[in-house]
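1. Sequence plus predicted model, see below.
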Amino acid sequence: MKKVLSELYFGNIQPNVKDFNRNSKFGKAMKKASENEQVLLELLDEKEKELFIEFVNAESEIVGLTGLDAFVDGFRLGANILIETITEEKLL
């Protein structure tokens, strides 16, 4: 456990950073979203671009907060499973 905590402390474990294969479904979806964003930005006037960028940034913040919440919930569930596993009395 000490090794994992040390690695986490020194930034060697970063659960929020993950590489992905550009040819995966996720990679292809990211490419399509990026391409569509560029096309939309070219079609919009300056005021519309600002509004669109604000929208994209808000969506990104929502996704980040949702990911953080899911991570914390998953971690808590795992910890509760571990606590229950080592503290529960045997039924038989």
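-> Received it, and whenever you're ready, just let me know what you need. Numbers count the residues shown, from 1 in each chain.

2. ok, longest helix in this protein?
-> The residue-count maximum for a helix in the chain (DSSP state H) belongs to helix 46-87.

3. SS state for Arg22?
-> The three-state label for Arg22, taken from DSSP: H, G, I helix; E, B strand; the rest coil, comes out as coil.

4. Check which element follows the helix or strand of the chain with the lowest mean pLDDT along the chain.
-> Lowest mean confidence among the helices and strands of the chain (mean pLDDT, DSSP states H and E): helix 2-9, at a mean of 86. Per DSSP states H and E, the first helix or strand lying C-terminal to helix 2-9 is helix 25-43.

5. What helices and strands are in contact with that next one?
-> For helix 25-43, the elements it packs on are helix 46-87, judged by 3 or more C-beta pairs under 8 Å, 6 or more residues apart in numbering; DSSP states H and E. C-beta here means a position set from N, CA and C on the backbone, and glycine is covered the same way.

6. Show me what the helix it packs on is packed up against.
-> On a contact count with 3+ C-beta pairs under 8 Å, 6+ apart, helix 46-87 meets helix 25-43.

7. Might you report the residue contacts of the spatially most central residue of the chain?
-> Nearest to the mean C-alpha position of the chain, by C-alpha atoms, centre = their mean, lies Gly67 at 4.1 Å. By C-beta atoms under 8 Å, 6 or more residues apart in numbering, the residues touching Gly67 are Asn16.

8. If anything else comes up later, I'll come back, but that's it for now.
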